Structure formats: structure tokens, C-alpha cells
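1. Just a sequence and a predicted model for now, questions to come.
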Amino acid sequence: MANLTLPLRNIGSAGVNTDRLPVQLEQPQWSGCNNVRFESGAVIRAPHFRKIGTASAGSPNFVFGSAYPSGGSEFLIGLSDGRVIRGQARGRNAEPWIETDLTPLEWSPHVFEAQPTTACELQGRIYWNRPDRGLWSMRKGDQGFTAVDGWDRETTCRAVRRLGDQIIALNVTQGGQTIPAMVKWSDLVPFEAAKLDFGTATTNSAGDNILGSLTGQIVDGAELGVRMFVYSNRQVYAMTPQPTNFIFDFEERFRDRGVISQNCIGVANNQHMVFGPDNIWCHDGTTVLWTTNDSVQRGIYDHLVREAAHRFYVLHLPARREMMFCFVSTHPDCKFPIGREYTPNDLGDYPGCNRAAVFNYGNGLWSFSDLPYNTGGAVVQPSTGVRWEQLAGKTWNDLRAEKTTWLDFRDRNPEIAVMVSPVRAYTPPAVTRAEATDDTFAMRRRAR
């Protein structure tokens with residue numbers, strides 16, 4: 001029998017490759033993995049989940065993180081019936097969280113699941129869009145959203161984004177007519193201004209443009225430097241500011257590439273990492289830098305549920321230098337099964353993303369993780385820290401004797417990834433297995 005040498009050092013230095021046959025992999029590549037990360041040549045357990053709160057009513061389908069100018073942050077949660085709530089974990093001992101309803105009083109809740117919610121922040125205000133209604137906005141930290149003054153309430157758009165000091169509306173319906181190739185932008189937005197000017201005039205910078213050569217419809221857009229890139233499923237346009245009366249120049253930049261749904265573009269290192277309909281790909285505005293072909297393409301797209309694409313999202317974890325591409329999957333390794341088969345009219349028992357392909361752009365390695373039916377994520381500082389009632393019974397002398405200062409009561413809670421799920425009745429497994437597999441020799445490495 002031939003001698004077989006199994007390496008123990010640097011076994012995590014090459015990550016996972018699901019596209020090649022196991023016998024074709026170069027050591028020390030792995031043919032599969034779940035709930036692990038490949039770092040410093042090792043295979044380690046991925047971060048795990050813990051519960052921080054439960055929405056009192058409704059099904060969360062979107063979350064948006066916003067940083068306060070004075071420090072700290074908050075997360076706003078969109079519900080499937082159109083309401084918006086502010087969630088805030090309380091204290092440091094897993095106490096009941098604080099929930100504030102931010103929905104305009106005139107809103108009549110009703111469920112709309114056909115397209116995702118989008119949001120952005122600009123000049124001290126948060127802009128919130130659901131494709132079946134007009135734009136809402138709220139000053140950061142305020143107690144409620146209102147309809148945007150200056151935006152026709154009968155006008156809707158598929159996504160709202162920002163570029164410089166202007167609000168950009170993509171794929172617009174106005175006057176009862178849907179114009180899927182329209183880009184509409186506001187005049188320059190002053191700080192904390194409640195009113196936007198979308199009226200086209202020679203005295204302002206507002207306007208609109210229809211991308212006449214677009215063969216499909218606009219799905220989403222994202223900033224990259226001073227430009228915005230406007231995505232359909234199969235084309236990408238660069239939207240560049242111009243010092244002329246035309247305000248913006250539009251140029252087709254990529255063809256046969258696009259984005260699969262809203263909220264599926266990650267921005268890092270001055271690059272866009274895009275969850276596309278055929279593969280995940282990355283560009284710097286000029287050149288395609290990499291794709292998932294010949295790495296994890298089959299591990300993602302062979303089991304991806306396209307009917308649930310409006311649930312997909314991308315989450316950037318800057319501290320870990322990771323981009324998470326979250327999706328619904330029928331992969332046999334998923335520990336959170338989708339239940340009934342997805343169809344266009346039935347989203348199964350557990351509507352939400354159950355798998356993530358995770359790209360570490362620091363070392364260029366891929367891995368996979370289970371997700372407990374998430375529909376959105378944001379990186380925020382979720383806790384309010386120490387509260388006044390937690391100091392009950394203490395005097396100033398007590399605090400002085402403890403050598404305590406105001407600085408000691410600052411919120412030390414780090415920023416973390418907060419994800420939301422619409423599933424209430426499902427109890428997730430207490431432990432999800434973390435392992436990397438090499439099917440060449442049926443070898444498994446479990447991470448502790």
C-alpha cells in the first residue's frame with residue numbers, strides 16, 4: 001500500500017473550491033465547507049448567532065444601519081406590511097430591547113413582497129423606499145418618517161440611492177407610466193433639509209434621463225468614488241457628474257453582466273463586489289477583476305433558488321474584511337432547510353436566506369455559512385450601554401470611591417452584524433456543525 005501524507009500545517013491556506021473534482025484540487029484546497037473561515041493558514045469556526053430582540057408584530061424583511069454624528073449607531077427595521085421600527089438592544093445583560101414605531105400616521109399597513117425595500121442616508125437624513133409607494137425621509141434620531149416634500153406621492157421607484165449630495169431614484173413610475181430605464185435625480189440637498197427639489201429647471205441640478213440602449217430594466221445602483229454605477233440584470237452604466245448643463249454623463253461600461261436583485265452590491269477597497277444572476281463578480285469601474293468561475297460557482301448557483309432573488313442581499317463586514325453574499329439555497333449542507341419547494345407564488349415554509357458565500361478580500365479565500373432565514377443585515381452598535389436605572393442607589397461619593405468617571409460609562413459595545421428574519425415559529429438548532437471537507441479521501445476537519 002502506498003504511503004499517504006496528510007498535511008497538518010497551513011491546511012486552511014487555500015480555502016474551498018467547489019467547481020473542480022476533488023481529485024483535481026491542489027493541496028491544501030478543500031472541496032466543501034460550512035460555518036468555517038480560512039485564516040492564517042488555519043480552519044477556524046465562523047462567528048455564530050445570538051438573539052438580541054423580537055419585533056412585537058410584523059415580519060422583518062429589511063434592516064438599515066445608521067451612524068449618529070455624535071457617535072454610536074442605530075438600526076431601522078422594515079416590516080413586510082410597510083411599517084418601520086427602530087430596534088435598540090438595552091444594557092449589557094440581554095434585557096428586553098427598545099422598539100419605536102417610526103411609521104407615518106397616515107400609512108395603512110399592507111403586505112408587499114414583490115420587490116425589496118431600499119434606503120440611503122444623505123446630509124443628516126435617512127431616505128426610505130418601498131417600490132409600491134412614494135419616498136419617506138427622517139432626520140437621524142427623530143421619532144418618525146414623513147413623506148418626502150417635493151416628491152410626488154403617486155411617483156414610485158424601484159431603488160433609492162445617493163450620489164454626492166443628490167438623491168437618485170432608479171426605475172421610475174410616474175404619471176401612471178412605468179419607465180424601467182429612467183434615472184431621476186434631485187437638486188443638491190442641503191444639510192437636514194426636509195424638502196427635495198426634483199423639478200427640472202435651468203436654475204438647479206435636478207433632472208432625469210432614460211437609458212435608451214438598456215435592453216432590460218434598472219435593478220439597482222451604487223456609488224463608486226464620484227460616480228454611480230447603474231445596474232440591470234445584464235448591463236452596467238457609469239453615471240458620471242459633468243460640469244455642464246447635462247449634469248451627468250451616462251456610458252455603458254459592462255455588458256452581459258449585472259446584478260440579481262436590489263441590495264446585492266457590496267462596496268470595499270474602491271471596488272464593487274456584485275451578486276450577479278450568473279456569477280458573483282468584482283470590478284473597479286473599468287475592469288472586471290475576478291468572478292466566481294472555477295472557484296465556488298457551482299457551490300452557489302447549482303442550488304440557488306432564483307424565485308427568491310428578492311430576498312438576497314450582500315453584507316459587508318469591514319472589521320473582518322469579509323463580504324457575505326446571502327441567498328436561499330437547496331444545498332444538502334444547509335442546516336436551515338427551506339421546507340416546501342419554492343415556486344413563484346409560494347416562498348416555502350421559511351422565507352429567508354439560509355446560506356451565505358463569504359469572500360475574505362484580505363486573503364482572497366471563500367467559505368460558506370448557514371443563515372437562520374435572514375432577509376437583511378447591517379453593521380451597527382446595537383446596545384445602549386449602561387442606563388440611569390442601572391445606577392439606582394449609588395451616590396456621587398460611591399462613584400468617586402470606585403474611581404469611576406463619566407468616561408467609564410461610554411458605550412464600549414463594538415459594532416456587530418445585525419440580521420433580521422421573518423420566521424417566528426422555527427427554533428434553530430442549538431449547535432450548527434462547522435467543518436471543511438475533502439471528498440478525495442472523505443476527510444473532514446471540524447473547527448472548534
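-> Yes, it's here. This is a predicted model, so every value here is computed, not measured.
2. Which residue, other than its chain neighbours, is closest to D81?
-> In space, and not counting its chain neighbours, D81 is closest to P109: 3.8 Å by CB to CB, 6 or more residues apart in numbering. In short, each C-beta sits where N, CA and C put it, glycine included.
3. And for the one you found, the neighbour number?
-> 12 (other CB atoms under 10 Å).
4. what sits against it?
-> Neighbour list for P109: G58, L79, D81, G82, R83, T103 [criterion: CB atoms under 8 Å, 6 or more residues apart in numbering].
5. Same check on Q115?
-> Taking CB under 8 Å, 6+ apart, we find Q115 in contact with R130, P131, D132, R158, Q262, H310.
6. 7 Å instead?
-> P131, R158, H310 (CB atoms under 7 Å, 6 or more residues apart in numbering).
7. any idea which of the residues you listed has the most stuff around it?
-> In terms of neighbour count, R158 stands highest of these at 23 neighbours, by other CB under 10 Å.
8. where does the residue lying closest to that one once chain neighbours are set aside land on pLDDT?
-> The shortest distance from R158 to any residue other than its chain neighbours is 3.5 Å, reached at N171 (CB to CB, 6+ apart). N171 carries a pLDDT value of 97.
9. residues near N171, how many?
-> By the criterion of other CB under 10 Å, N171 has 25 neighbours.
10. quick one on the thing from earlier: right, and the secondary structure at the residue nearest to D81 would be what?
-> Three-state call for P109 (DSSP: H, G, I helix; E, B strand; the rest coil): coil.
11. Return the backbone torsion pair for it.
-> Note on P109: backbone dihedrals following degrees, to the nearest 10 are phi -60, psi 130.
12. Tell me, what's the model's pLDDT at it?
-> pLDDT, P109: 90.
13. do you know how far it is from R83?
-> According to CB to CB, to the nearest Å, P109 stands 6 Å off from R83.
14. Kindly report the same for M138.
-> Distance from M138 to R83, counting by CB to CB: 13 Å.
15. out of those two, which sits in the more crowded spot?
-> Ranked by neighbour count (other CB under 10 Å), M138 and R83 place M138 first, with 23 against 18.
16. in a helix, that's where that one is, yeah?
-> No - assigned with three-state DSSP, M138 falls outside any helix and is strand.
17. That one contacts I126, doesn't it?
-> Yes - between M138 and I126 there is a contact at 5.3 Å, judged by CB atoms under 7 Å.
18. Quick one: low-confidence residue ranges for the stretch 51-200 of the chain.
-> For the stretch 51-200 of the chain, applying pLDDT under 70 flags the ranges 69-72, 89-96.
19. Recalculate using a threshold of 80.
-> The stretch 51-200 of the chain contains residues with pLDDT under 80 at 51-53, 56-57, 67-74, 88-98, 114.
20. Okay, strands next: where are they in it?
-> Assigned by DSSP state E, counting those that start in this stretch, the stretch 51-200 of the chain shows strands spanning 60-67, 73-79, 84-90, 95-101, 118-122, 125-129, 136-139, 146-147, 156-163, 166-174, 177-185.
21. now the last one and strand 156-163, what's the angle there?
-> Between the direction of strand 177-185 and that of strand 156-163, the angle (axes from the mean of the first three to the mean of the last three CA atoms, to 10 degrees) works out to 10 degrees.
22. If you count contacts, what does the helix or strand that strand 177-185 is followed by end up packed against?
-> Using DSSP states H and E, the helix or strand that follows strand 177-185 in sequence is strand 207-210. Secondary-structure packing of strand 207-210 (3 or more CB pairs under 7 Å, 6 or more residues apart in numbering; DSSP states H and E): strand 177-185.
23. Would you mark the buried spots in the strand it packs on?
-> Of all the residues in strand 177-185, those buried under the rule 16 or more other CB atoms under 10 Å are I179, P180, A181, M182, V183, K184, W185.
24. pretty sure E223 belongs to a helix, no?
-> No - per three-state DSSP, E223 lies outside any helix segment and is strand.
25. Tell me, how many residues neighbour it?
-> Using other CB under 10 Å, E223 has 18 neighbouring residues.
26. In this structure it contacts L163, no?
-> Yes - between E223 and L163 there is a contact under CB under 7 Å: 5.7 Å.
27. any chance you could map the helices in the stretch 301-448 of the chain?
-> Residue ranges of the helices in the stretch 301-448 of the chain, as given by DSSP state H, counting those that start in this stretch, are 396-401.
28. for it, which spans come out with low pLDDT?
-> Ranges of the stretch 301-448 of the chain meeting pLDDT under 80: 339-351, 381-415, 423-448.
29. can you give me the strands for it?
-> Here the stretch 301-448 of the chain has its strands, by DSSP E, counting those that start in this stretch, at 313-317, 322-327, 353-360, 365-374, 376-380, 416-420, 435-438, 443-446.
30. just how off-centre is the third one within its chain?
-> So that's strand 353-360. Offset of strand 353-360 from its chain centre (CA atoms, centre = their mean, to the nearest Å): 12 Å.
31. Throw the contacts of Q115 into a markdown table and include distance to A356, thanks.
-> Converted to a markdown table, these look like this (distance: CB to CB, whole Å):
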| residue | distance to A356 |
| --- | --- |
| P131 | 25 |
| R158 | 24 |
| H310 | 17 |
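32. can you list the domains in this protein?
-> 7-48+432-448, 63-388+399-421 (automatic domain parsing).
33. of the ones you listed, which approaches T54 most closely?
-> Closest to T54 of those, according to CB to CB: domain 63-388+399-421, at 8.0 Å.
34. what's the spacing between the closest one and its chain's center?
-> Worked out by CA atoms, centre = their mean, domain 63-388+399-421 lies 6 Å from the chain centre.
35. Could you tell me the end-to-end distance of that domain?
-> Counting by CA to CA, to the nearest Å, you get 10 Å between the two ends of domain 63-388+399-421.
36. Which helix or strand contains F250?
-> Per DSSP H and E, F250 falls inside strand 248-255.
37. and the helix or strand just after that strand, which strands flank it?
-> Once the chain leaves strand 248-255, the next helix or strand it forms, by DSSP H and E, is strand 265-268. Using DSSP bridges, the strands paired with strand 265-268 are strand 271-275 (antiparallel).
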